[in-house]
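Chemist: One predicted model, sequence on top.
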Amino acid sequence: MRIFITADIEGVTGISNWQQADDTAPYEARERMTGEVVAACKGAMAAGAVEFVIKDAHGNGYNLIQEQLPKNAKLMTGWSNHPYNMVEGLDDTFDGIIFIGYHSHGLANTSPLAHTLYPSKVRGMYLNDKPASEFTLYAYVAYLLSVPIITVTGDGGLVRSVAEFDSTIKSVAVQEGFGGGMVSIHPELAKERIQKTVKQSLSELKTVGWTSNLSIPDVFNLKVVFNKHEDAYKYSFYPNARQIDEFTVSYTTDNYMELLSFILFI
């Protein structure tokens, strides 16, 4: 089985401030991020996975420590500016996808690092009138490619929103945010739970097949709430976008690739 892994850092155990998550993230933060990815790989291999493609999907895209990854894992670093963005490289040849270290959306109060893609520019996003996290935006890519979501890990707010998105997805909460603070479980316990959950989820996929209670919408509407009204005005000139209030631009399409392309140009 071929498994795709997309890895962020703000939903990794113990990561609770921007100094730990910026483009000069300390080695300890990068090592914890890598450790949770390795745990996912171990769980998947125990269930029969033989090949991995891992997208470093945080910041500058150069966070994971490749020497610590399994030898059967290829690592994608940097950004090519493809609309798939955090899941670039995913296609229908993969048997499943795992989201590691993801976090609450920008309109949530469940993580001091809550954001959706561009915190310096965007306050938050709504997809079909529901707050959209980075997981939400790129989970739809997997569904449209018919690639099952094996496991999602991150903060408790994200995990609860994943259950609302599709209650069949197995997830692991490694931290809980409150105000500007965060409570995390022990890093070793996080890795144990991730490994166990991935193994269980992938084993079930092999025996009973993919089950999902998510219905793919016929039409997608994205509302982007900007921090500055100047940006809302600017991006309202993107083809088929329109400004609906001082800070918000709306974009509607029946082609999800077009929606992802709009996001790419923000």
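Modeler: Sure, I can see it.
Chemist: Tell me where the chain has strands.
Modeler: Applying DSSP state E to the chain gives strands spanning 2-7, 51-56, 73-76, 96-102, 122-127, 130-131, 149-155, 170-178, 181-184, 220-226, 241-243, 248-253.
Chemist: Tell me which of the ones you listed sits most buried.
Modeler: Compared across the strands of the chain, strand 149-155 shows the largest average neighbour count, a mean of 29 (mean count of other CB atoms under 10 Å). Any C-beta I mention is one placed from the backbone N, CA and C, and that applies to glycine too.
Chemist: Determine the set of other helices and strands touching that strand.
Modeler: When contacts are defined as 3 or more CB pairs under 8 Å, 6 or more residues apart in numbering; DSSP states H and E, strand 149-155 packs onto helix 27-46, strand 96-102, helix 134-144, helix 156-165, strand 170-178, helix 187-208.
Chemist: Just put these in a markdown table and tack on distance to Thr6.
Modeler: Below are the helices and strands packed on strand 149-155 laid out as a markdown table (distance: least, CB to CB, whole Å):
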| stretch | distance to Thr6 |
| --- | --- |
| helix 27-46 | 10 |
| strand 96-102 | 6 |
| helix 134-144 | 7 |
| helix 156-165 | 13 |
| strand 170-178 | 14 |
| helix 187-208 | 14 |
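Chemist: Out of those, the one nearest Ala232 is which?
Modeler: helix 134-144 (19.1 Å; CB to CB).
Chemist: Can you get me the centre-to-centre distance for that closest one and its chain?
Modeler: Centre-to-centre, helix 134-144 and its host chain are 8 Å apart (CA atoms, centre = their mean, to the nearest Å).
Chemist: quick one: the most centrally placed residue in the chain from Gly43, how far?
Modeler: Taking CA atoms, centre = their mean as the criterion, Phe135 is the residue nearest the geometric centre of the chain, at 3.6 Å. The spacing between Phe135 and Gly43, counted by CB to CB, to the nearest Å, is 19 Å.
Chemist: and if you look at Asn213?
Modeler: For Asn213, the distance to Gly43 - CB to CB - is 24 Å.
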